[in-house]
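> give me a 3D structure for the following:
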Amino acid sequence: MASFSPNIIANSLLSHAAYNPEGEIIVCGDRRIRWKDLVPRVLKIAQGLVKLGVKKDDKVVFMFHNTPEFFEINFGIQVAGGIPCPMNYRFVPGEVEYQGNHSDAVVFFFDALWKEAVLPALKNLPKIRKVICKGEVEAQGIVEYESFVEEGAAKDPLIANDWEDVAVMIYTGGTTGFPKGVMLTYKAHLEMFSILAGYAATRMFSMDMPKERKEKIFEDFQLPFKSVLGGFFQSELFKNLMKKPGVRKFLQEKTRKDIMNPRKKRKKAYESARRSMYPSMPFFHDASYANIIGGVLTGGSCFILPESVKFDPKRILELIEKENVSMLCNVPTGWKKLLDDPDFGRYDVGCVRTATTGGGLCSKDLKARILKAFPNAMVFDGFGQTEMTPITSFRIDGDPENIEDRSVGSSIVDVKIVDENNREVAPGEAGEILYRSSTVMKGYYKDEGKTKEVIEDGWFRSGDLGYIDTIGEIRLIDRKKECINTGGEKVFPLEVEEVISRHPKVDVVCIIGVPDEDWGHQVRGVVQLKAGETTRPEEIMEFCKGKLAGYKIPKSIVFVKEIPFSPAGKMLRQKVREAHGVPA
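The predicted structure follows:
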């Protein structure tokens, strides 16, 4: 690591600037940013932070959407030895205050787009030494962003760090109480990328999928002597070889060594860089943030960023076609909006080879739609939690006719299912999913009590309910805390939502429990209809008959104009409960 710098991120950045200066790392509107453009700005930001007195492990918060500035600020903080704390740009002032104070941040960067939330909060952030804003704001003492960048020297400050150090502090969604600061180390990211690389390669090359689709996907992989051995790489012999555990372990170790050694980042390694887009996945969320770290550690990605904060299906489709996007990543709601766009068929999306979904359960029907709409792609369904950095399992699908319902694939970490008494259950039995891995978080910042609640003897309690099926894949049931008890029976919202969402007039549905004197709780469906549609509650209930047991069918239906979602694409069930959870 000491070949370039004693700092992990500076090490990678300097190697990319040396070996691939003209390589594009970010495309945003008319801004085409190469490694030789990005690295000096990152170093200037790092020097500016050091000048402000930022020391190793100091926290720096920043509120930006998916823009080039998110990258350069994040990396600048890390090169300065600090810990970046990305902030949800949908926060209101009180939430800005909470994260700013809880994180003990000493510097605050923000985009003027979010000034209505940030400016009122600043007076209640006594630990913040300097506030830096991109764009114009009417407030004293705030430094203009470009001025701050230009005042720094494009020189590595040489702040040493180690793989065991905290790389980032990601704040959880806070659906149960205040958000928690999840401390994720550089090593946890290194391990996750290495483990994932081994499993992804071996599963993809050993899986069954239609020949035409597999050939298209195969074209994008850099394999040794592919022109000569192309037939072998697609043979049954090679498929069986890739199933052997030794091959996976070899690939994992090779990936680990390559990431840790800057001399591996030669020009040859950049030829297969993926052009990736995350239009519905904000970078402050670890499901997409981890890819930024992967991008700088490997140099294997170019990030295509839509200019608008708003999810714009037409602009996304334009960018796929124009920028030859090979990896498209969305939360399930993002995929649905994209596929529902009436102009979808006007665009050429044949360049997409990997359609990644995450941030929530992607239904069997939606995966089939994705595969049919993107004929040259496979669906990569990643599942996990921020506390696990974040992927714990994944499934690859390449055949619309062969998709397992509610499966999130086989685990890539140690996994077990336990009952309410913490006893491990047999395969096929449901319980809470527990994980053990070198990718687990260092802990919750300033909250040893909550850390001990979720990590015991190295096992992380996920809070998810599920079971392991006959082929070793995890089948998800629901979040443990979302279970509705009605008359002694358990109802899991996801199961009911999947059925109602198939109704041709329904756009989105949220299932909640409503207090009931006789039954404990009754099941209620909160429904957002498709534009222009109308129906009666009885029609929705009738639709459920024969598809759900009687006690699972909603006893009441409420129609709403819009069901709220977080920027990370997760349904805000608690807000729905607050608005519609009172008995009629």
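
> in the stretch 451-584 of the chain, which spans are strands?
Using DSSP state E, counting those that start in this stretch, the strands of the stretch 451-584 of the chain run over 455-456, 459-468, 474-479, 484-486, 489-491, 506-516, 520-529, 556-559.

> make JSON lines out of the ones you listed and add distance to L328, mean pLDDT and mean neighbour count.
Placement of C-beta: from N, CA and C, glycine included. Supplementary listing: these in JSON lines, determined by distance: least, Cβ to Cβ, whole Å; pLDDT from 0 to 100; neighbours: other Cβ atoms under 10 Å:
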{"stretch": "strand 455-456", "distance to L328": "34", "mean pLDDT": "96", "mean neighbour count": "15"}
{"stretch": "strand 459-468", "distance to L328": "26", "mean pLDDT": "96", "mean neighbour count": "20"}
{"stretch": "strand 474-479", "distance to L328": "23", "mean pLDDT": "93", "mean neighbour count": "19"}
{"stretch": "strand 484-486", "distance to L328": "35", "mean pLDDT": "90", "mean neighbour count": "18"}
{"stretch": "strand 489-491", "distance to L328": "34", "mean pLDDT": "88", "mean neighbour count": "17"}
{"stretch": "strand 506-516", "distance to L328": "22", "mean pLDDT": "94", "mean neighbour count": "20"}
{"stretch": "strand 520-529", "distance to L328": "25", "mean pLDDT": "95", "mean neighbour count": "21"}
{"stretch": "strand 556-559", "distance to L328": "33", "mean pLDDT": "96", "mean neighbour count": "16"}
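
> to E387, which of these lies closest?
For those, proximity to E387 was assessed by Cβ to Cβ; strand 459-468 is nearest, at 6.0 Å.

> hang on, the earlier thing: figure out which of the strands of the stretch 451-584 of the chain is closest to G198.
Of all the strands of the stretch 451-584 of the chain, it is strand 474-479 that lies closest to G198, at 18.5 Å by Cβ to Cβ.

> how about the closest one as CSV, C-alpha atoms only?
This file holds the C-alpha atoms of strand 474-479, laid out as CSV (Å, rounded to 0.1, in the frame of the first residue of the first chain):
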residue,chain,number,x,y,z
ILE,A,474,-33.1,-17.7,1.7
ARG,A,475,-36.8,-17.1,1.3
LEU,A,476,-37.9,-13.8,2.8
ILE,A,477,-41.1,-13.5,4.8
ASP,A,478,-41.1,-10.0,6.2
ARG,A,479,-39.5,-7.7,8.9
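
> OK, contacts around the nearest residue to A549 once chain neighbours are set aside?
Excluding its sequence neighbours, the residue lying closest to A549 (Cβ to Cβ, 6 or more residues apart in numbering) is E489, at 8.0 Å. The neighbours of E489, taking Cβ atoms under 8 Å, 6 or more residues apart in numbering as the test, are A549, Y551, K552.

> filter these down to the buried ones.
Y551, K552 (16 or more other Cβ atoms under 10 Å).

> just give me the closest of the contacts of E489 to S12.
K552 (50.6 Å).

> compute the distance between the closest one and N376, please.
Distance check for K552 against N376: by Cβ to Cβ, to the nearest Å, it reads 39 Å.

> same question for V92.
Between V92 and N376 the computed distance is 43 Å (Cβ to Cβ).

> which of the two has more residues huddled nearby?
Neighbours were counted for V92 and for N376 using other Cβ atoms under 10 Å; N376 has more, 19 against 11.

> what about the more buried one, distance to E219?
Counting by Cβ to Cβ, the gap from N376 to E219 is 9 Å.

> re the thing from before, so which of the strands of the stretch 451-584 of the chain is nearest S206?
For the strands of the stretch 451-584 of the chain, distance to S206 was read as Cβ to Cβ. The smallest value, 18.9 Å, belongs to strand 474-479.
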